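Asker: next one to model:
(chains A and B)
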Amino acid sequence: MDINLIKSQFPIFTKRIKGKPLVYLDSSNSSQKPISVLNSLDYFYRNKFSNIGRSIHSLAVNATNKFDETRISVKNFINAYSKDEIIFTKNATESINLVASTFGQENIKKGDEILITELEHHSNYVPWHYLREQKGAIIKFAPINEDGDIIISKLRDLITSKTKIIAVTHLSNVTGTIVPIKEIVEIARKKNIPVLVDGCQSAPHIKIDVKDLDCDFYAFSAHKVYGPTGVGLLYAKKKWLEKLPPYIGGGGMINEVYKDKITYASIPEKYEAGTMPTAEVIAFNESIKFMESIGIQNIIKHEKELTNYALEKLKKINSVKIIGNPINKAGVISFVIKGIHPHDISTIVDEEGVAIRAGQHCCQILHDRLNLPATARASIGVYNTKEDIDILCKAIENCRKVFELK
Amino acid sequence: MDLKQLYQDIILEHGKSPRNFGKCEKYTHEAKGHNPLCGDQVHVYLKLNNEKNVDNVTFEGSGCAISIASTSIMTELVKGKSLEVAKKIVIDFLNMIKNTQEIKSNDLDEDQKIKIMSLSGVKQYPMRVKCATLAWHTLTSAINRKKEEVNTEVID
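Answerer: So this is what the prediction gives:
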């Protein structure tokens, strides 16, 4: 693959930050957008805009068809059984809230247990915490080891007859750990426990195959997969979507409405109330086409090489410590520098046009577990180059200079 | 913007070797502060005597260079002052950082004014203002005997 050709598809990389070329290493937070996605948004709003579903005029029919095309693309992208298993939400956070709320209503009683892990982002903890508050559920955390891998045997030991659901990330947004989801699902299957996977970080970086994983729910966001903001995805097995109650009520999710009763639309519309982010969903199809035009195997290979290059180079810098050393690591590299707080690192490298994130990355539990008040994080996207890593390392050297570290 | 305006030598020096660090004996007031966005934590201990003078003020905690230096400088500036003067210095500091006002207080000597002004570079970095102000809000909280922790996401 031609990295320069890929980078040239992202208009933001022609811009300068503080007079320097942008080195964007914050893709775990959100990715930049290729021109095809931007053009799709612009084209739709200028030439084809209409709401979907309700009206029967030409523009509405076109918009409805285009909207449905993205649903089919997402279905193929993650290898779902049916397009009816793909629900559009606002973001992955809403996708997980949808499951926690609807599944919780019907299946969680006082004393029931929800099993998550110490790696989870707040968005895969807080929705379950609501069930702890509202229903008296118990949340258990499967522990990790020092490398940042979930200790699978301990996870297995935490399962009891009261465990009602397991919710786990596919890829840690701090340590870059790629979690063996299949192994966890196999354990859960034996006990008939459904599994929700938070796929926010994995969707842009590894092959997602929900048939192969055999998970019950898979949540991710378009904006991390080179797509627009405002679009979240939820895959759920049909049996769950048909069985669980609706989430948000309103137009579009109903079938018949009477003064004394309401019936709901069939799936997927049952879970898509109100006007959807139409232009953004349609533009997201271009993100998937962008990923497919490169090929997921090429993306994996490029990002693996770059991750290894970055790890090697960073390790050579005095006083830099990489956080986590998982068995399978993606391009999420959190680090600390002895003597310089992550926020100071971020401010100083920003002067060189380098965008990284500093703080707890919405993972306070994980930072407490690792005994770290905060970390700096460089995260890789398909458009990053070895030169980006070189500039990052130079900027880190500058941090050491500013702080007069030896 | 030159990084040296933010990371002045005084700041780097106080960041590395904070003054009045630790828990002081027989403190009369205390308060905790937390910036959940970046994980900065501070615990301020204040000892007022019968004449309502600041006998001692110390802190414990962790944070970035800006936050540690700001806390360290704060303790130096209010130590030995009357409670009323200490409160004025806090207001002066917050006005300088947030509203770009001049330091009005006549209660600081030249050396102390240089120290407090060394933090003024933070104004150019809006995302870092909370790093600098956390300790000062926490000191106010200690003075007012507020029970709940100061949280940068709740205060303005």
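Asker: could you count how many residues lie near the closest residue to chain A within chain B?
Answerer: In chain B, the residue that lies nearest chain A is residue B:64 (3.5 Å; Cβ to the nearest Cβ). Where you see a C-beta, it was placed from the backbone N, CA and C, and this is true even at glycine. Neighbourhood size, residue B:64 [other Cβ atoms under 10 Å in any protein chain shown]: 27.
Asker: over to the one 10 residues further on?
Answerer: A count of nearby residues for residue B:74, using other Cβ under 10 Å, gives 28.
Asker: what about it, which SS state?
Answerer: Secondary structure, DSSP: H, G, I helix; E, B strand; the rest coil: residue B:74 is helix.
Asker: and if you look at the one 3 residues further on?
Answerer: Using three-state DSSP as the criterion, the local structure at residue B:77 reads helix.
Asker: any idea how far it lies from residue A:317?
Answerer: Per Cβ to Cβ, to the nearest Å, residue B:77 is found 36 Å from residue A:317.
Asker: looking at these two, which is more packed in?
Answerer: The residue with more neighbours, out of residue B:77 and residue A:317, is residue B:77; 25 against 15, by other Cβ under 10 Å.
Asker: the more buried one is in contact with residue B:108, isn't it?
Answerer: Yes. Under the criterion of Cβ atoms under 8 Å, residue B:77 makes contact with residue B:108 at 6.5 Å.
Asker: spell out which parts of chain B neighbour chain A.
Answerer: B:1, B:3-4, B:6-7, B:12, B:16, B:36-41, B:62-67, B:125, B:127-128, B:131 (Cβ under 8 Å from any Cβ of the partner chain).
Asker: next step: those residues restricted to helices.
Answerer: B:3-4, B:6, B:12, B:16, B:65-67, B:131 (DSSP state H).
Asker: partners of the residue lying closest to residue B:146 once chain neighbours are set aside in the sheet?
Answerer: Excluding the flanking residues, the one nearest residue B:146 by Cβ to Cβ, 6 or more residues apart in numbering or on different chains is residue B:31, at 6.2 Å. Taking DSSP bridges as the rule, residue B:31 bridges to residue B:44.
Asker: wait, what's in contact with residue B:31?
Answerer: B:43-44, B:138-139, B:141-142, B:146, B:149-150 (Cβ atoms under 8 Å, 6 or more residues apart in numbering or on different chains).
Asker: kindly recompute the last result at 10 Å.
Answerer: By Cβ atoms under 10 Å, 6 or more residues apart in numbering or on different chains, the contact list for residue B:31 reads B:42-46, B:135, B:137-150.
Asker: got a quick PyMOL command for the buried subset of those residues?
Answerer: Only the buried members of the contacts of residue B:31 enter the following PyMOL selection, criterion being 16 or more other Cβ atoms under 10 Å in any protein chain shown:
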select buried, chain B and resi 42+43+44+45+46+135+137+138+139+140+141+142+143+150
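Asker: put the buried members of the ones in helices among the residues of chain B next to chain A into a PyMOL selection.
Answerer: Here is the PyMOL selection string for the buried members of those, based on 16+ other Cβ under 10 Å:
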select buried, chain B and resi 3+6+12+65+66+67+131
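Asker: and the ones in helices among the residues of chain B next to chain A, which two are furthest apart?
Answerer: B:4 and B:67 (18.7 Å; Cβ to Cβ).
Asker: return the set of buried residues in stretch A:131-151.
Answerer: For stretch A:131-151, by 16+ other Cβ under 10 Å, it's A:131, A:135, A:137-138, A:140-142, A:144, A:148-150.
Asker: and if you look at stretch A:233-242?
Answerer: Buried residues in stretch A:233-242, counted by 16+ other Cβ under 10 Å: A:233-237, A:240-241.
Asker: could you do stretch A:285-304 as well?
Answerer: Neighbour-count burial for stretch A:285-304 flags A:285-288, A:290-291, A:294, A:299-300, A:302-303 (criterion: 16+ other Cβ under 10 Å).
Asker: same check, this time on stretch A:263-274
Answerer: Buried residues in stretch A:263-274, counting neighbours by 16+ other Cβ under 10 Å, are found at A:264-265, A:267-273.
Asker: tell me which two in the residues you listed are the farthest apart.
Answerer: A:267 and A:273 (12.9 Å).
Asker: what is the burial count for the residue nearest to residue A:20 when sequence neighbours are not counted?
Answerer: Once flanking residues are discounted, residue A:20 sits nearest to residue A:353: 3.1 Å by Cβ to Cβ, 6+ apart. Here the number of neighbours of residue A:353 (other Cβ under 10 Å) works out to 18.
Asker: how much space separates residue A:353 from chain B?
Answerer: Using Cβ to the nearest Cβ, to the nearest Å, residue A:353 is found at 13 Å from chain B.
Asker: quick one: that residue and residue A:23 touch, right?
Answerer: Yes. Here residue A:353 reaches residue A:23: they are 5.5 Å apart, a contact under Cβ atoms under 10 Å.
Asker: shared neighbours of these two, which are they?
Answerer: Counting by Cβ under 10 Å, 6+ apart, the contacts common to residue A:353 and residue A:23 are A:17, A:391, A:395.
Asker: check contacts around the closest residue to the first one other than its chain neighbours.
Answerer: It stands for residue A:17. Distance criterion Cβ to Cβ, 6+ apart; nearest residue to residue A:17, sequence neighbours excluded, is residue A:353 at 4.2 Å. By Cβ under 10 Å, 6+ apart, the contact list for residue A:353 reads A:15-24, A:391, A:395.
Asker: kindly report the same for residue A:129.
Answerer: Here residue A:129 is in contact with A:100, A:114, A:116, A:122, A:137, A:139 (criterion: Cβ under 10 Å, 6+ apart).
Asker: per-residue confidence for residue B:91?
Answerer: Per-residue confidence (pLDDT) for residue B:91: 93.
Asker: in space, what's closest to the residue in the stretch 301-406 of chain A that chain B sits nearest to - neighbours in sequence excluded?
Answerer: With Cβ to the nearest Cβ as the measure, residue A:341 is the residue of the stretch 301-406 of chain A nearest to chain B, at 3.5 Å. Closest residue in space to residue A:341, ignoring its immediate chain neighbours: residue B:64 at 3.5 Å, by Cβ to Cβ, 6+ apart.
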